[in-house]
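Asker: Take this sequence and fold it.
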Amino acid sequence: MHLRLLTPALLVIAFLGQPLSVAQAQPVRGGTLEFAVDSELGNYDCHANISFAFLHPVAPHYSTLLKFDVANFPRVVGDLADSWTVSPDGLTYTFKLHPGVLFHDGSRMTSEDVKASYERIVNPPKGVVSARQVNYGVIGGIDTPDPLTVVFHLRWSQAAMLESFASPWNCIYSAAKLKEDPQYPRTHVMGTGPFVFVEHVKGQRWVGKRFDRYFRPGKPYLDGYIADFMSGAPVIKALEEGRVLGQFRSVTPAERDALVQAMGDKIRIDESPWINDLLLDFNTKKPPFDDARVRRALSLAIDRWSMAEQLSGTTFLKYVGGITRPGASMSTPAAALEQIPGFSRDIAASRAEARRLLSEAGVKNLQVTITNRDIAMPYGPGADYLVAAWKDIGVEATQVKLNTKDWGAALESGNFTVAIDFDGDYFDDPILQLGKYVSRDLSPSNYSNSTDRFLDALYIGEAITTDPRERAKIVRDFEKKALTEAYTVPILWWNRIVATSTRMQGWNMSPSHYIGQDLADVWLKP
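Answerer: Purely as a prediction, here's the structure:
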């Protein structure tokens, strides 16, 4: 925020959004945290899911090997791991686990559970979806010399490997349950996290209660939590009335201002650029999108710079960027980005080239159906802008809006021609951001169904390169190739605005809406 542009009320809130001092932070035990979640999850498997709609209600039930210290992002700290060492060549990671960790059924967690969980991510059994499988291809083997030691052997030394072990998606499951049924996590919730699963009332709420045998003494502070499935105006009203104390994804700029106006010093606003971008997937298995000229034409027709100007005041959509987040260490500078098809500031020339490409491909009177999520913000405005932009090059587009479960199923099965998608990550690193563009047989989250072995080679190349300058060069080459072929293209990157009641303490803002959601440190002021 630019403080000089804020009203006095907003100034108060801006400073409330700063980290609390130690003198202020004395946690109080008890109470139930009720918060809103914009959409409902489709299944219960951490390893398969990609949406905040899953993590916000489910993350409190699970532990991961490492996690991010959100108050000091991107610092990595232990979760199940009590300590760890890395060999000098960067090929061996040895983790010592906390003793006495129990699953919610009372069984003891050991290194075998960590091994089974990661093997499921790296080499998923038939029928099991591992959405981030490509990110962990570096893992060549896992040893468990004793119940409290797990050793990962890497195929190559990989930058940001510790951050990869801190992924909030890598929930540790019971090896015994996975042996009985590899699909057990799709329909059951049983972890070692601070809260035990109570119920999921479809269309209404998700409920968790304190796990009294949680391995961190004195935590969690809350008796429990309730995640209410609601979106839009009802969320804002519930915040104003104090019925919910937060919504951890984002509110719009207009909603932020309305909350501040109505609630004054009872609301806290945090704002940050977001490791999230709106994407456009072209199904390369369905003509005419098997032709790069057609895909490139539709990307060229999008005036991303004008779109950012028009929508940044009313939606989360704000920043023009390529495959990596604008401003991140590996991101492409604007001047270089403008040379890539679809990112020029000269929209007249871009749209003329789009018409030429469609003509060259022999495509006339193209009609497109956009498969979209029924989450209004920012998916609705984003798709609306595309419809208008494509009309200017003679392409007629309509939308079909699906709930999160059906939308995800359509993308996974390839039952679409063009789809609105997103890429959201927990950390800024090409290992994560480039995974969406790697060939589908290596990366299940590549919904364009493309196969491009040159991109695959570049992905491995940047992964094994530790010199930042060399890595950046490879990332630039990857980006230019991927966005010219236009299997999947970024539309705009997001800006995160989180509104929480000042009663809620111990939660910290970050550029990712995936991390810091286990609620172990959250407490309520009386």
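Asker: Can you give the contact residues for the helix or strand where Glu119 lies?
Answerer: Assigning secondary structure by DSSP states H and E places Glu119 in helix 111-122. Contacts of helix 111-122 with the rest of the structure, by Cβ atoms under 8 Å, 6 or more residues apart in numbering, involve 47, 65, 80, 95, 97, 103, 128, 130, 132-133, 136-137, 139, 142, 144-150, 152, 170-175, 178-179, 182. Just so you know, the C-beta spots here come from the backbone N, C-alpha and C atoms, and that holds for glycine as well.
Asker: Low-confidence ranges, the stretch 201-350 of the chain, go.
Answerer: For the stretch 201-350 of the chain, no stretch is flagged by pLDDT under 70.
Asker: So for Phe15, what's the pLDDT?
Answerer: According to the prediction, Phe15 has pLDDT 35.
Asker: and what of Ile431?
Answerer: For Ile431, pLDDT reads 89.
Asker: from memory it sits against Gly461, does it?
Answerer: No - between Ile431 and Gly461 no contact is recorded; they are 11.9 Å apart, counting by Cβ atoms under 8 Å.
Asker: between these two, who's got more neighbours?
Answerer: Ile431 (23 against 16; other Cβ atoms under 10 Å).
Asker: Could you pull up the contacting residues of the more buried one?
Answerer: Asn135, Gln158, Ala159, Ala160, Ser164, Glu462, Ala463.
Asker: What helices and strands are in contact with the longest strand belonging to the chain?
Answerer: Counting by DSSP state E, the longest strand found in the chain is strand 267-282. Using 3 or more Cβ pairs under 8 Å, 6 or more residues apart in numbering; DSSP states H and E, the elements in contact with strand 267-282 are helix 8-16, helix 253-263, helix 292-300, strand 317-319, helix 376-391, strand 418-424, strand 488-501.
Asker: Among the ones you listed, which comes closest to Asp223?
Answerer: Across the helices and strands packed on strand 267-282, Asp223 has its closest neighbour in strand 488-501 (17.0 Å, Cβ to Cβ).
Asker: pLDDT (mean, whole number) over that closest one?
Answerer: Here the average pLDDT along strand 488-501 is 98.
Asker: Next, the angle strand 267-282 makes with that strand.
Answerer: 160 degrees (axes from the mean of the first three to the mean of the last three Cα atoms, to 10 degrees).
Asker: Note down every partner strand of strand 488-501 and its orientation.
Answerer: strand 246-247 (antiparallel), strand 267-282 (antiparallel), strand 317-319 (antiparallel) (DSSP bridges).
Asker: Output these as a markdown table; include the columns mean neighbour count and distance to Trp407.
Answerer: Listed next are those as a markdown table, based on neighbours: other Cβ atoms under 10 Å; distance: least, Cβ to Cβ, whole Å:
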| stretch | mean neighbour count | distance to Trp407 |
| --- | --- | --- |
| strand 246-247 | 22 | 20 |
| strand 267-282 | 23 | 11 |
| strand 317-319 | 22 | 18 |
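Asker: Which elements pack onto the one helix or strand Arg476 maps to?
Answerer: Using DSSP H and E, Arg476 falls within helix 468-485. Where contact means 3+ Cβ pairs under 8 Å, 6+ apart, helix 468-485 is packed against helix 292-300, helix 430-433, helix 453-464, strand 488-501.
Asker: Determine how far that helix lies from the middle of the whole chain.
Answerer: 22 Å (Cα atoms, centre = their mean, to the nearest Å).
Asker: Could I get the buried residue list for that helix?
Answerer: The neighbour-count check on helix 468-485 (16 or more other Cβ atoms under 10 Å) flags Arg471, Ala472, Ile474, Val475, Arg476, Phe478, Glu479, Lys480, Ala482, Leu483, Glu485 as buried.
Asker: As CSV, the residues you listed with pLDDT and distance to Lys219 would be great.
Answerer: Formatted as CSV, the buried residues of helix 468-485 follow (pLDDT from 0 to 100; distance: Cβ to Cβ, whole Å):
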residue, pLDDT, distance to Lys219
Arg471, 93, 38
Ala472, 93, 40
Ile474, 96, 42
Val475, 95, 39
Arg476, 95, 44
Phe478, 97, 42
Glu479, 97, 42
Lys480, 96, 47
Ala482, 98, 43
Leu483, 97, 45
Glu485, 98, 48
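Asker: With distance to Val395 added, can I get those residues in CSV?
Answerer: Shown next, in CSV, are these (distance: Cβ to Cβ, whole Å):
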residue, distance to Val395
Arg471, 37
Ala472, 35
Ile474, 34
Val475, 31
Arg476, 30
Phe478, 28
Glu479, 25
Lys480, 25
Ala482, 22
Leu483, 19
Glu485, 19
